[in-house]
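In: Predicted structure and sequence below. I'll ask about it afterward.
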Number of protein chains: 2
Amino acid sequence: MTTTVRNPHTPTGARILDTASALFYERGIRAVGVDLIANEAGTTKKTLYDRFGSKDELVAAYLSRRAARWAAYLTDYLDRHATEPGPQRVLAVIDALEEWLKGQDRGCAFVNAYAEIGGTDHPGNAVIRQDKQDMRALFVRLVEEAGIPDPEVVGAQVHLLYEGAIVVRTAGGIDEAYDEARAAMTRLLSR
Amino acid sequence: MTTTVRNPHTPTGARILDTASALFYERGIRAVGVDLIANEAGTTKKTLYDRFGSKDELVAAYLSRRAARWAAYLTDYLDRHATEPGPQRVLAVIDALEEWLKGQDRGCAFVNAYAEIGGTDHPGNAVIRQDKQDMRALFVRLVEEAGIPDPEVVGAQVHLLYEGAIVVRTAGGIDEAYDEARAAMTRLLSR
DNA sequence: AGGGAACCATACCGGTCTGTATACTTGCAG
DNA sequence: CTGCAAGTATACAGACCGGTATGGTTCCCT
């Protein structure tokens, strides 16, 4: 009897996840079928299910990896563009976001995923919630390191501006959202 | 030859729209099929298509009516709870939102719809964009009536907090989001 | 009287959905 | 050399998708 431990970390598994990630983000989760993913990845549904077990778990893997990639991108960006603690380092999160989403109009992958799976028992929901809490914690930490009073309060408020800016920019089609967020953050971080 | 002008404003048409609205909001657009809508509304697909022409147009009708209802609800709420112009009337928009979404976890219908149809030529996209622009214009007007300088700038900033609060509250599961938004708005509206 | 809007019931269309089954090949590690 | 993970190819299951076709009934307005 062989227990066939599911291991997505194979060359084809990686190709499947890459393809699925691009399609899920670009078109939405329900809009993309496993047949399409397998074809575009140059493999078969059999292998997809051998690697990921179900579409839901593939979706969860997509969200997890996107969260990890964004975290890595953001950390790197901050270290390269705003080394010193201070308000500028908080604002630089918006710079990183703008760069990360440049030329795209699909907004936040987690907000989009929540629209499709929120309120269900889908394994992706934990990832979504975690991403928002992580972003909040990051803002609190940056505000604290900037030596600003009440970092818990101010960090949370700045986080709201960050999330609002993505929504307004993408769903609202308002290009100035990022600039507005930086200006509002500057006010909240002052004194 | 009869030109059969499509008119959704019939008793059954209203029932279809009511049913579809509840299902679309609760489960998402692609997750709900026209068969289910017709059954739940106690009618047939034939009548659904006679009234609305296509699923896309039914979705657009759902979004349009939700925008109209929220606008009416908000106007009424403000007139009853914060008659006088001033910062309190701006904050009351969050009160109204909290009441409007009370006991629900599906957040903003327009953000959710954008996640599923954004970037396509779906007729609902115009409604989504319009809703965000209307909310922005409302905030600018309320800030202006409050006698606060730079209402265009401050109104836009307050709008970011509003949109951010919905996302953080629902997708992030953070209950304090509304309180945080009111506190941040108070700071942006001061002096 | 008659025309048409509104509605119900049912069946069908081609396609897509997630997921499984069967059977085979390749390459590597003990 | 053998056992197994990883992969390909193809077919199928059963449900559901949006949308159309056919045919009939009720009721109102002219």
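Out: Cool, the structure landed.
In: Tell me the spacing between the nearest residue to residue A:73 once chain neighbours are set aside and residue B:63.
Out: Among residues not flanking residue A:73 along the chain, residue A:100 sits closest, at 6.0 Å (CB to CB, 6 or more residues apart in numbering or on different chains). (Glycine included, C-beta is placed from N, CA and C.) Distance from residue A:100 to residue B:63, counting by CB to CB, to the nearest Å: 28 Å.
In: Now do the same contact list for residue A:18.
Out: Residue A:18 makes contact with residue A:41, according to CB atoms under 8 Å, 6 or more residues apart in numbering or on different chains.
In: Quick check: which element contains it?
Out: Assigned by DSSP states H and E, residue A:18 falls within helix A:11-27.
In: So is the helix or strand just after that helix next to DNA strand D?
Out: Counting by DSSP H and E, the next helix or strand C-terminal to helix A:11-27 is helix A:34-40. No - counting by CB under 7 Å from any atom of the strand, DNA strand D has no neighbours in helix A:34-40; the shortest distance is 7.9 Å.
In: Check which helices and strands the helix or strand following helix A:34-40 sits against.
Out: Using DSSP H and E, the helix or strand that follows helix A:34-40 in sequence is helix A:45-52. In terms of contacts (3 or more CB pairs under 8 Å, 6 or more residues apart in numbering or on different chains; DSSP states H and E), helix A:45-52 is packed against helix A:11-27, helix A:34-40, helix A:55-81.
In: Which residues outside helix A:45-52 are in contact with it?
Out: A:6-8, A:10, A:12-13, A:16-17, A:34-35, A:37-38, A:41, A:58, A:61.
In: mind listing what's buried in it?
Out: A:47-52 (16 or more other CB atoms under 10 Å in any protein chain shown).
In: Next, format those as TSV and append distance to residue B:141 and pLDDT.
Out: Shown next, in TSV, are the buried residues of helix A:45-52 (distance: CB to CB, whole Å; pLDDT from 0 to 100):
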residue	distance to residue B:141	pLDDT
A:47	57	95
A:48	52	96
A:49	54	96
A:50	58	94
A:51	54	95
A:52	50	96
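In: what does chain A have sitting close to DNA strand C?
Out: So far as CB under 7 Å from any atom of the strand goes, chain A lies against DNA strand C at A:30, A:32-36, A:44-46, A:49, A:54-56.
In: Which pLDDT does the model give residue A:62?
Out: pLDDT recorded at residue A:62 is 98.
In: one step back: what inclination does the helix holding residue A:18 have with respect to helix A:55-81?
Out: Helix A:11-27 and helix A:55-81 are oriented at 80 degrees to each other (axes from the mean of the first three to the mean of the last three CA atoms, to 10 degrees).
In: Run the angle between helix A:11-27 and helix A:45-52 for me.
Out: Using the same axes, to 10 degrees: helix A:11-27 against helix A:45-52 is 90 degrees.
In: what about helix A:11-27 and DNA strand D, any contact?
Out: Yes - judged by CB under 7 Å from any atom of the strand, helix A:11-27 and DNA strand D are in contact via A:11-13.
In: can you list the domain ranges for chain A.
Out: A:1-53, A:64-189 (automatic domain parsing).
In: how many other residues sit next to residue A:6?
Out: 12 (other CB atoms under 10 Å in any protein chain shown).
In: Residue A:150 too?
Out: Neighbour count of residue A:150, defined by other CB under 10 Å: 11.
In: how far away is the residue nearest to residue A:31 when sequence neighbours are not counted from residue A:13?
Out: Nearest residue to residue A:31, sequence neighbours excluded (CB to CB, 6+ apart): residue B:30, at 6.4 Å. Residue B:30 sits 27 Å away from residue A:13, going by CB to CB.
In: Kindly report the same for residue A:163.
Out: 32 Å.
In: Which one's more surrounded, those two?
Out: The neighbour count for residue A:163 versus residue A:13, taken as other CB under 10 Å, is higher for residue A:163 (28 against 21).
In: Surely that one is in contact with residue B:168?
Out: Yes - the pair residue A:163 / residue B:168 is scored as a contact, 5.5 Å apart, by CB atoms under 8 Å.
In: Need the residues touching each of these two.
Out: residue A:132.
In: Give me the contact list for the helix or strand residue A:111 falls within.
Out: Counting by DSSP H and E, the element that carries residue A:111 is helix A:109-117. With contact meaning CB under 8 Å, 6+ apart, helix A:109-117 is reached by A:24-25, A:28-30, A:59, A:63, A:66-67, A:106, A:124-125, A:127-128, A:131-132, A:163, A:166-167, B:28, B:30-31, B:107, B:111-116, B:167, B:170-171.
In: Next, the angle from that helix to helix A:11-27.
Out: 80 degrees.
In: Residue A:61 and chain B: what is the separation?
Out: 19 Å (CB to the nearest CB, to the nearest Å).
In: how close does that residue get to residue A:124?
Out: Residue A:61 is 9 Å from residue A:124, by CB to CB.
In: Does at least one residue of stretch A:132-143 sit close to chain B?
Out: Yes - using CB under 8 Å from any CB of the partner chain, stretch A:132-143 reaches chain B at A:132-133, A:136.
In: Only the buried subset of the residues you listed, as a ChimeraX command please.
Out: If you want just the buried ones from these in ChimeraX, going by 16+ other CB under 10 Å, the selection is:
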select /A:132,136
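In: Good, wrapping up.
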